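Engineer: Could you work out the structure for the sequence below:
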Amino acid sequence: MIRDFDLIRKLLLAVEAAPPGVRPIRLTCPDGYDEAVVDAHLALLIEADLLDGRVQKFLSGKRNITVFDLTWEGHDFLDIARPDTLWARAKQITKEKSLPLTLEVLKEVLKGVAQGLLS
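Structural biologist: Presented below is the predicted three-dimensional model:
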């Protein structure tokens, strides 16, 4: 499976939009995405410490994903990834410069784009 950073952003935004005090968070599968792909991305987000949650793996290969909230890191990432213009520009820059599309690279490019707007 290839990581889909657009899906990752959608999932983080959905968790952020969940009403406070309602935990665990029930997420619906975004349009156009397979449930198994969404579950795999949620597991990656938990592993990357962007989401507070739990992953249960079964012998059948299925997973049970429980999401509680965004972590501090998840909030920080969303703060720079939320604006559509910053997000689109950062993705364009990584593609133009043939940069590896990793979370750390994407964060740095997003920060650079944001700082460029301040200059």
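Engineer: Going by C-alpha atoms from here, please, whenever you check contacts or count neighbours.
Structural biologist: OK.
Engineer: Now stretch 108-116: buried residues?
Structural biologist: Counting neighbours by 16 or more other Cα atoms under 10 Å, one finds that the buried residues in stretch 108-116 are 109-111, 113-114.
Engineer: Stretch 38-47 now?
Structural biologist: Along stretch 38-47, the positions that meet the burial threshold by neighbour count (16+ other Cα under 10 Å) are 38-46.
Engineer: Save the residues you listed as TSV, and put in pLDDT and secondary structure too.
Structural biologist: Written out in TSV, the entries for the buried residues of stretch 38-47 read as follows (pLDDT from 0 to 100; DSSP: H, G, I helix; E, B strand; the rest coil):
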residue	pLDDT	secondary structure
V38	95	helix
D39	93	helix
A40	94	helix
H41	96	helix
L42	97	helix
A43	96	helix
L44	97	helix
L45	97	helix
I46	98	helix
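Engineer: Next, name the residue at the spatial heart of the chain.
Structural biologist: In the chain, the centroid-proximal residue (Cα atoms, centre = their mean) is I8; its distance is 2.9 Å.
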